[in-house]
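Chemist: How does the following fold in three dimensions:
(one chain, ligands or ions: 1)
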Amino acid sequence: MNSFWSEGDHDTKAPVKITKDKNGVDLVTLQNQRGFSVQVSLHGGQVLSWKNERGEELLFRSSKANSKPPAAVRGGIPICFPQFGNRGCLEQHGFARNKIWEFENNPPLLHHNNRNDNAFIDLLLKPTEEDMRIWPHSYEFRLRVLLTSDGALKLISRIRNIGSKEFSFSIAYHTYFLVSDIGEVRVEGLETLDYLDNLHHKQRFTEQGDTLTFESEVDRVYIGSPHIIGVFDHEKRRTFIIRKEGLPDAVVWNPWEKKAKAITDMGDEEYRQTICVDGAAVEKPIKLKPGEEWTGRLELTALPSI
Ligand SMILES: O=P(O)(O)OC[C@H]1O[C@@H](O)[C@H](O)[C@@H](O)[C@@H]1O
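Modeler: Numbers count the residues shown, from 1 in each chain. Reported below is the predicted structural model:
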C-alpha cells in the first residue's frame, strides 16, 4: 500500500494514511510538510476534506451527509460522470460518484509540471458487467488526487476509450467550497459569459453583472469560461482560485432556502455556508474514439485576502 507515492525528493516522502470509514470503505489522507491535508474516499473517488496549515476546513460537508454507498456524500468534491445533471438517460449526475473506485499502483505515466507536487493517490474506475448494461461503453477513468507542497489540491482525470466504438460523456468536479456566508461571496471570471440556466429550462442567457453575487437560488452552466475563476469570501478573508484545463465550462450552484429544505441530506440553513463552482465539460460532451484518451485538470488554491 505504500507504493503510490512520492516523486521528486524521496527523503521528504509525504505522509499518507489509509483508514476505513464506518461503512468499511477506504479513506486516504494525504498530508504535506506544512500541515495541509486532503481526504479522499474510494466511494466515488470523492474528495471529502481539504484543510489548510492551520487545520481549517476549506470544503463544505453537510452535517446531514449520508456516507453510506451508493449515495454520494453531500459536500466535498463529488465527480459527475458520464452525465451532468439530468442531461441524459442516466441517474442524476451519472454513476461515478456512487461507485467504489480502486487504488491503482502503477498507472500509465502522467506528466505534470510542478516538481513540488509531493503527495498523491491514483484511483481507477472501470465498468462492471452490470454497469455495461446501463452505459454500454468500455472505459478506464483514472483519477489522480494530489496535494502540492504549497497546499493546492489538484484533481487530474484521464478517461480512455478501451472499447471498439466512440462514446461521449460530460464531467464536472462538483466542488462545495466552504464559505462564511453566501451573502459575503462573489465569484469573478464569469462576467459577460453566456450561461445555460437550469432554473429556466436550460435556456441561454448572458451574464450582465461585473461580478457574481448571490441573493437567491442559482443553477447555471457558464459556457466557455476562462481557465481561472476566483471565489472571494469577504468575511473569511479568503479567496479560492480555481484553475482548470480541458474543462471549458463552469457550473455555479446554490440551492437557497426553499430547495435546501427539500434536500434531505442538507440542513435547512446550510445553503448559507457553501457555493458550488465546478470545473466542467457539459455544454459540448467530450467525444472519444476507440483508443483515445481525454485529460482534464482542476487545481484549487486557497489564499488569504485583504
Ligand atoms: O442533489 P444532487 O444530485 O447532488 O445535485 C445537486 C445539484 O447539482 C447541480 O450541479 C445541479 O445543477 C442542480 O440541478 C442539482 O440540484
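Chemist: what's the spacing between the closest residue to the ligand within the stretch 151-300 of the chain and T211?
Modeler: Nearest residue of the stretch 151-300 of the chain to the ligand (Cβ to the nearest ligand atom) works out as W253 at 4.1 Å. In this view, the C-beta of every residue, glycine as well, is placed from N, C-alpha and C. Using Cβ to Cβ, to the nearest Å, we find W253 at a distance of 17 Å from T211.
Chemist: Which residues of this structure lie near the ligand?
Modeler: Remark: the part of the chain in contact with the ligand comprises G85, Q92, H93, H174, N198, D219, V251, W253, using Cβ under 6 Å from any ligand atom.
Chemist: Tell me where the stretch 1-150 of the chain is predicted with low confidence.
Modeler: 1-14, 112-117 (pLDDT under 70).
Chemist: I'd say H227 and R243 touch.
Modeler: Yes - here H227 lies in contact with R243, judged by Cβ atoms under 8 Å, at a distance of 6.1 Å.
Chemist: quick one, helices of this structure?
Modeler: For the chain, applying DSSP state H gives helices covering 129-134, 256-262.
Chemist: contacting residues for the nearest residue to the residue of the stretch 151-300 of the chain closest to the ligand once chain neighbours are set aside?
Modeler: Among residues not flanking W253 along the chain, C276 sits closest, at 4.1 Å (Cβ to Cβ, 6 or more residues apart in numbering). For C276, the contacting residues are H174, T175, Y176, F177, V251, V252, W253, N254, by Cβ atoms under 8 Å, 6 or more residues apart in numbering.
Chemist: Spatially central, which residue of the chain would that be?
Modeler: With distances taken as Cα atoms, centre = their mean, Y173 lies nearest the centre of the chain, 2.8 Å away.
Chemist: Surely it touches A281?
Modeler: No - under the criterion of Cβ under 8 Å, Y173 makes no contact with A281, lying 10.3 Å away.
Chemist: count of neighbours near T19?
Modeler: Here the count is done by other Cβ atoms under 10 Å, and T19 has 10 residues near it.
Chemist: from the contacts of C276, which would you call buried?
Modeler: With burial judged by 16 or more other Cβ atoms under 10 Å, the buried subset of the contacts of C276 is H174, T175, Y176, F177, V251, V252, W253, N254.
Chemist: Now the second one. Its backbone dihedrals?
Modeler: Dihedral angles phi and psi of T175 (degrees, to the nearest 10) take the values phi -90, psi 120.
Chemist: measure E57 to V47 for me?
Modeler: 12 Å.
Chemist: These two: which has the busier surroundings?
Modeler: V47 (27 against 14).
Chemist: Quick check: nearest residue in space to the closest residue to the ligand within the stretch 51-200 of the chain, chain neighbours excluded?
Modeler: Scanning the stretch 51-200 of the chain for the residue nearest the ligand gives Q92, at 4.3 Å (criterion: Cβ to the nearest ligand atom). Distances taken as Cβ to Cβ, 6+ apart place N86 nearest to Q92, at 5.8 Å, with adjacent residues excluded.
Chemist: List the residues that contact the closest residue to S225 other than its chain neighbours.
Modeler: Among residues not flanking S225 along the chain, A250 sits closest, at 4.0 Å (Cβ to Cβ, 6+ apart). Counting by Cβ under 8 Å, 6+ apart, A250 makes contact with G189, L190, V221, Y222, S225, I229, I242, K244, V277, D278, G279, A280.
Chemist: could you redo the last one with a cut-off of 6 Å?
Modeler: Y222, S225, I229 (Cβ atoms under 6 Å, 6 or more residues apart in numbering).
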